[in-house]
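J.: After the sequence you'll find the predicted model.
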Amino acid sequence: MSSRLSILCIWLSFIVLLVLGIMMVASTGLSAYVPQGENPAQFLIKQCIFGFVGLLGALAVSAVNYRRLRQWVYIFWGVCVFLLILCYVPHVGMEINGEKRWLNLGFMTFQPSEIAKICMMITLADWYTTHREMPGTFWRGFILPGAFLFGIPLVLILAEKDMGTAAALAVSGACVMYVAGVRHWLLFTALLVGIVLMLDMATGNENRLERIYAWFDPQAFSQGVGRQQWISILALARGGITGVGLGDGIEKFGNLPFAHTDFIFAEIGEEWGLVGTLGVLLLFTMLTVFGIMLALQTQETFGRLLATGLVCTIFWPAVLNMAVVTSLLPNSGLPLPFISYGGTSLVFTILSIGLLTSIQRHTPSVKPVYWPEGVSREPLS
């Protein structure tokens, strides 16, 4: 299969998810709380604007050779860390629901962690391309890229109490390091340490500990911290096989908090039924499979590792979001890529598609070579 077919399938999956997201924001956004005097359709209007800006950015990025990113990789990394640190600065960083992951610039608010996703994947891909002969070493193959270049932004995100994004990024980074050739036992040990650290943070915070209790028994906590997951279960059950119809869901009317953001997948289940939820799962699976195939078809190391990282930063948040909504995991506050309402998340996730397109467009196709008998096929050093 050609890389052109892979990127076409990626775009097809992405466009369908984006259109579905706009439809669901139109359905759920009108029921969301809007201050008196403001336009009740503001969520739909903003989502359309964010989607349009993201598409323009993706088309612009796809026209630029992705290899040029390597010239600015450490500037990107420094800006990323600086923005994450600003989240802790009073009057600049915003705390919402106990999480300090927003920056307020007066004219706009955004989440630096969404920018960090792309920057961290670019940094890892560049490091392992520059040191392509050392991924199996402990210092240059694991400690410097994992604990320093990747670890510093990850810790800053985790300290924001944004555990969902941190978990998704950690697994995405581990996937890139695995493809680069880092020793398996080092990755396994790092993931175990990360799990222990997250468990300690969760059990050391009363609110997060209650979320874990609510995860075990959502019905018992249905009037408190377990309300979202309990109502989402009811919404999925009410939708049945084919759903109640677009716009006809009832749980979004004050019962299901954040129905247009973190728990929009529950409304897909209520209004589109099992057919709709499986369709969304199929689209994300299709995007991921063809994304990995694109990475495998990319002969250049930087492009292959970057494509792997970008696909993972879409796949793992989607998996975690759907797992939370279906009560397979505790509530973590992750949006569903392309579908949930949100400016920074939507724009930069679409930019990831633009980068994947750039990788496909600017990677020279490899033509078959017919070797005469007796001649070595090993590349010249």
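T.: Now that the structure is in, tell me what you want to look at.
J.: Now do the helices in the stretch 151-300 of the chain.
T.: Secondary structure of the stretch 151-300 of the chain by DSSP state H, counting those that start in this stretch: the helices cover 151-159, 163-180, 184-203, 206-216, 227-239, 264-297.
J.: any idea how far the one helix or strand in the chain whose mean pLDDT sits lowest is from the chain center?
T.: Here the helix or strand of the chain ranked lowest by mean pLDDT, DSSP states H and E is helix 206-216, holding a mean of 72. How far helix 206-216 lies from its chain's middle: 24 Å, per C-alpha atoms, centre = their mean, to the nearest Å.
J.: now swap in stretch 229-246 and tell me
T.: Worked out by C-alpha atoms, centre = their mean, stretch 229-246 lies 25 Å from the chain centre.
J.: what do you get for stretch 246-265?
T.: Distance, centroid of stretch 246-265 to centroid of chain: 21 Å (C-alpha atoms, centre = their mean).
J.: ok, now stretch 16-33?
T.: Using C-alpha atoms, centre = their mean, the mean C-alpha position of stretch 16-33 is found 19 Å from that of the whole chain.
J.: what's that stretch in contact with?
T.: The contact list for stretch 16-33, computed with C-beta atoms under 8 Å, 6 or more residues apart in numbering, reads 40-44, 47-48, 51, 246-247, 249, 252-254, 259-260, 264, 267-268, 271, 280, 283-284, 287, 336-341, 346, 350. Quick note: C-beta positions are derived from backbone N, CA and C, even for glycine.
J.: hmm, which of these are the buried ones?
T.: Applying 16 or more other C-beta atoms under 10 Å to the contacts of stretch 16-33, the neighbour count classes 43-44, 47, 51, 249, 252, 259-260, 264, 267-268, 271, 280, 283-284, 287, 336-341, 346, 350 as buried.
J.: so residue 47 makes contact with residue 345?
T.: No - with contact defined as C-beta atoms under 8 Å, residue 47 does not count as touching residue 345 (10.9 Å).
J.: Excluding chain neighbours, what is closest to residue 83?
T.: What sits nearest to residue 83 in space, not counting adjacent residues and going by C-beta to C-beta, 6 or more residues apart in numbering, is residue 112, at 3.7 Å.
J.: sorry, back to before: out of the helices of the stretch 151-300 of the chain, nearest to residue 309?
T.: helix 163-180 (4.5 Å; C-beta to C-beta).
J.: Could you pull up phi and psi at residue 103?
T.: Phi and psi for residue 103, reported as degrees, to the nearest 10, are phi -110, psi 130.
J.: residues contacting it?
T.: 83, 86, 87, 92, 93, 94, 109, 110, 111, 112.
J.: Kindly report the same for residue 229.
T.: 214, 215, 218, 324, 325, 327, 331.
J.: How about residue 173?
T.: Contacts of residue 173 by C-beta under 8 Å, 6+ apart are 120, 121, 124, 146, 150, 154, 309.
J.: Now do the SS call for the last one.
T.: Same thing as residue 309. helix (DSSP: H, G, I helix; E, B strand; the rest coil).
J.: Leaving aside the residues adjacent along the chain, what's closest to it?
T.: Nearest one to residue 309, counting by C-beta to C-beta, 6+ apart, is residue 121 at 3.2 Å.
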